[in-house]
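**Q** build the 3D model from these lines:
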Amino acid sequence: VPKGVDGAPAKFLKAKPQTDPAKCTNCGACAQSCPMGAIDPENVAETPGTCIKCQRCIRLCPTGAKYFDDPAFLSHVEMLRQNFTSRNENQTFL
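**A** This is a model prediction of the structure:
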């Protein structure tokens, strides 16, 4: 179960990327890069398909117009950053 910063379960299944219309140039990079084809290529502000929250559209947007605003999802992302950013040594278990 995904957890937030507070350790409580984070429910964000319906979270979808948002688009800042002031920054979006409708280049379509987000729609083309979405592995699920969830973003409407005709209107990139719409995400009618299933979003798996991979954030590829956000990373590849050349103008920074895509973002998530769902509090539960953002809390989960922050928890991951806080707890899983350092590399650990490999371990072998016999």
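**Q** mind listing what the one residue sitting closest to the centre of the chain touches?
**A** The residue at the geometric middle of the chain, judged as the C-alpha nearest the mean C-alpha position with C-alpha atoms, centre = their mean, is Q55 (3.2 Å). Applying C-beta atoms under 8 Å, 6 or more residues apart in numbering to Q55 gives the contacts 17, 68. To be clear about C-beta, it is placed using only N, CA and C from the backbone, and glycine gets the same treatment.
**Q** make 889 the starting number, not 1.
**A** Will do, 889 is the new start, and the previous item becomes Q943.
**Q** now it: how far from L962?
**A** As for Q943, its distance to L962 is 11 Å (criterion: C-beta to C-beta, to the nearest Å).
**Q** now do the shared contacts for the two.
**A** Taking C-beta under 8 Å, 6+ apart as the contact rule, the neighbours common to Q943 and L962 are F956.
**Q** report how many residues lie close to the nearest residue to Q920 once chain neighbours are set aside.
**A** Of all residues not flanking Q920 in the chain, P929 sits nearest, at 7.3 Å (C-beta to C-beta, 6 or more residues apart in numbering). Other residues within reach of P929, judged by other C-beta atoms under 10 Å, total 13.
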